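*Asks:* Kindly return the folded structure for what I paste below:
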Amino acid sequence: MIRQPTILLVEPRHYDVSYSINPWMDPMRWAADPRGLHRQAAEAFAALHAALQRIGFAIEVAPGEPGLPDMVFPANAAVVLDGRALLARFRYPQRQGEEAAFARIFAGLQARGLLDAVDTLPPGCFQEGAGDCIWDAHRGHFWAGFGPRSSRQAAGRVGAHFGQEVVALELATEQSYHLDVCFCPLAGGEVLYYPSALTDAALAEVRRRVPAHQRIEASADDLRHFSVNAVNLHDRIVMARTTPQLREALSRRGYRVHEVDLSPFMLSGGGAYCMTLRLDRASTMQALPARNDIMPARAADAEAA
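*Replies:* Reported below is the predicted structural model:
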């Protein structure tokens, strides 16, 4: 099992927005300038790649396949923990072709020793990867979204497979069609989340498990910016261009925010987390840098990528 922080990306050669399966997807906007937006997507992908490397990730880049534009969002491909990958089952036909494509990619990762095992869910058990099953290293359990895409039963399947607790959270809106759109555990124990995306029961569960001083409530504007859909490593956070309020809130807590213009991918309903999959997640919590290594709030201004 790999120990270095490692991210899987899928290159965007075949990315476009040609259908709509969530409220953010805008195929008409894409159709108005497909060449220009595809060029911008390639530039945004390169900027994200560079930002992730800059904060300390090793990067694995896999090819996409024709006719599967949403492969560029590998967070939905699998849940990965302790060197084991559990491949996704997609709800919508438009994405179901990704299952075989990602199976080939993960078989290659296993052959190279980057994964120890690759397993599958039974047919009909919809579970859309780490986008709906987020490991919280601070608390030692998964948070699993269900409703729009993943099924409630999938949470139990994931828990049984990995031998880990899974806390199921029902999603309340189509805008937050995956949990990663509205929920992000951070390395220091905080949870960045958009409360209105969760049902009352789910919200109560979050508040029961996460003390008030560790809850960072995002706004509707943060959700629109895909700021909650972020990638965190120690004190560094990579996200789409965000709001001044959230940037300042994270800075006060000692996080350094690296912003990337991901607007071409936001047209399909994805941000930084959607475009990545951690391959090195482990159930044993890794030590964080000493707090004196984290920049003070005033010095920790956002770094634009």
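*Asks:* And for A168, nearest residue in space, chain neighbours not counted?
*Replies:* The shortest distance from A168 to any non-neighbouring residue, by C-beta to C-beta, 6 or more residues apart in numbering, is to A155 (4.1 Å). (C-beta placed from N, C-alpha, C; glycine too.)
*Asks:* What is the burial count for that neighbour?
*Replies:* 22 (other C-beta atoms under 10 Å).
*Asks:* Pull the residues that contact the strand or helix carrying it.
*Replies:* If you go by DSSP states H and E, A155 is part of helix 152-162. With C-beta atoms under 8 Å, 6 or more residues apart in numbering as the test, helix 152-162 has contacts from 79, 81-82, 84, 86, 89, 119, 121-122, 125-127, 132-133, 142, 144, 146, 164-166, 168, 170, 283.
*Asks:* Of the residues you listed, just the buried ones, ChimeraX syntax please.
*Replies:* Here is the ChimeraX command that selects the buried residues among the contacts of helix 152-162 (16 or more other C-beta atoms under 10 Å):
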select :79,81,84,86,89,121,126,127,132,133,142,144,146,166,168,170
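*Asks:* right, and R207 touches E217 too?
*Replies:* No. Taking C-beta atoms under 8 Å as the definition, R207 is not a contact partner of E217, at 10.8 Å.
*Asks:* Please name the residues that touch G147.
*Replies:* Counting by C-beta under 8 Å, 6+ apart, G147 touches E170, L171, A172.
*Asks:* any idea how far P211 is from it?
*Replies:* Between G147 and P211 the computed distance is 26 Å (C-beta to C-beta, to the nearest Å).
*Asks:* Find the residue at the geometric middle of the protein.
*Replies:* Compute the mean C-alpha point of the chain, and by C-alpha atoms, centre = their mean the closest residue is Y273, 2.9 Å away.
*Asks:* Contacts only, for that residue.
*Replies:* Taking C-beta under 8 Å, 6+ apart, we find Y273 in contact with A75, G131, D180, C184, N229, A230, V231.
*Asks:* P211 now?
*Replies:* Counting by C-beta under 8 Å, 6+ apart, P211 touches no other residue.
*Asks:* what's the distance between it and F90?
*Replies:* The spacing between P211 and F90, counted by C-beta to C-beta, is 35 Å.
*Asks:* okay, now E60: neighbour count?
*Replies:* So E60, with other C-beta under 10 Å, has 19 neighbours.
*Asks:* Who does it form a beta bridge with?
*Replies:* L8 (DSSP bridges).
*Asks:* Find the nearest non-adjacent residue to Q175, please.
*Replies:* Closest to Q175 by C-beta to C-beta, 6+ apart is P23, at 5.4 Å.
*Asks:* From S268, how far out is the one you found?
*Replies:* Separation of P23 from S268 (C-beta to C-beta) stands at 11 Å.
*Asks:* Next: P195.
*Replies:* From P195 across to S268, the span is 25 Å (C-beta to C-beta).
*Asks:* more crowded one of the two?
*Replies:* Shown here are P195 and S268; by other C-beta under 10 Å, S268 has more neighbours (25 against 15).
*Asks:* which residues sit in contact with M266?
*Replies:* Contacts for M266 (C-beta under 8 Å, 6+ apart) come out as W24, F226, A240.
*Asks:* Any idea how many residues pack against the nearest residue to S18 once chain neighbours are set aside?
*Replies:* Ranked by C-beta to C-beta, 6+ apart and with sequence neighbours excluded, the top spatial neighbour of S18 is P27, at 5.6 Å. For P27, the neighbour count with other C-beta under 10 Å is 14.
*Asks:* Same check on N22?
*Replies:* Neighbourhood size, N22 [other C-beta under 10 Å]: 17.
*Asks:* In this structure it contacts Y177, no?
*Replies:* Yes. Using C-beta under 8 Å, N22 is in contact with Y177, at 4.6 Å.
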